[in-house]
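S.K.: Pasting the sequence and the predicted coordinates here, then a few questions.
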Amino acid sequence: MKIAVTTDHAGFEALRELKTFLESLGHECVDFGPQSLDMDDDYPEFMFPAAKAVAAGDCDCGIIFGGSGQGEAMAANRIKGVRCALFYGPVAAKTAVDAEGHTSDDPYEILRLSRQHNHANVLSLSGRFLSREEIKQAVQVWLDTPFSEAERHVRRVRQLDEFEP
């Protein structure tokens, strides 16, 4: 899989490790920077090109970092065709019940749902809230989870992608 990756200063070191991990799994990483650590950089300048590469089909998906991941997700979601999910860390919902009535105590369930139900094509991670091992686990779960192709999910994703403000 060809994966767009990028960060601002807050995820600089974590992204270097993640690239090594992804490449060890056989993925190709397209790095949208930064190439050096600059504590005064601005995340949109890195998020927009990575998100555009995913939306254009130049990359299969994207993984982006920031301090919280929040602004980075907002930036990515400005690009038509991008469906960016945000992950702060593993947590199990108190009463997670899916459409079929099943419950889950899986702390990475939200990542699975972002792919299964929302066909997320970009994942925004928080460099300040995730350990390196949690990052690897989250990315592995997210990449390994396919879109469900259920009609209701296809319909909703199409509505997202076709929306014109």
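M.R.: Happy to help now that I have it. All figures in this text were calculated on a predicted structure; none of them were measured in a lab.

S.K.: how many neighbours does Glu28 have?
M.R.: 11 (other CB atoms under 10 Å). C-betas here are computed from N, CA, C, even on glycine.

S.K.: Start the count at 391 instead of 1 going forward.
M.R.: Happy to do that; since the first residue is 391 now, the last one works out to Glu418.

S.K.: So it sits against Ala394, correct?
M.R.: No - the criterion here is CB atoms under 8 Å, and Glu418 misses it with Ala394 at 10.2 Å.

S.K.: how close does Ala510 get to Glu413?
M.R.: To Glu413, Ala510 is 22 Å away according to CB to CB, to the nearest Å.

S.K.: okay, those two: which has more neighbours?
M.R.: The neighbour comparison of Ala510 against Glu413 (other CB under 10 Å) goes to Ala510, with 24 against 12.

S.K.: Specify the local secondary structure of that one.
M.R.: coil (DSSP: H, G, I helix; E, B strand; the rest coil).

S.K.: Using PDB, write out every CA atom in stretch 540-550.
M.R.: Below are the C-alpha coordinates for stretch 540-550, written out as PDB (Å, rounded to 0.1, in the frame of the first residue of the first chain):
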ATOM      1  CA  ALA A 540     -22.800  -2.400   3.400                       C
ATOM      2  CA  GLU A 541     -25.300  -0.400   1.400                       C
ATOM      3  CA  ARG A 542     -26.000   2.100   4.200                       C
ATOM      4  CA  HIS A 543     -22.300   2.800   4.600                       C
ATOM      5  CA  VAL A 544     -21.700   3.100   0.900                       C
ATOM      6  CA  ARG A 545     -24.600   5.600   0.700                       C
ATOM      7  CA  ARG A 546     -23.300   7.700   3.600                       C
ATOM      8  CA  VAL A 547     -19.700   7.800   2.300                       C
ATOM      9  CA  ARG A 548     -21.000   8.900  -1.100                       C
ATOM     10  CA  GLN A 549     -23.000  11.700   0.600                       C
ATOM     11  CA  LEU A 550     -19.800  12.900   2.300                       C
END
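
S.K.: List the contacts of that stretch.
M.R.: Counting by CB atoms under 8 Å, 6 or more residues apart in numbering, stretch 540-550 makes contact with Arg473, Gln506, His507, Asn508, His509, Phe537, all of which sit outside it.

S.K.: Show me which pair in the residues you listed is furthest apart.
M.R.: Of all pairs drawn from the contacts of stretch 540-550, the greatest distance, 12.4 Å, lies between Arg473 and Gln506 (CB to CB).

S.K.: Thought Gly457 was touching Ala400, still the case?
M.R.: Yes - with contact defined as CB under 8 Å, Ala400 counts as touching Gly457 (3.6 Å).
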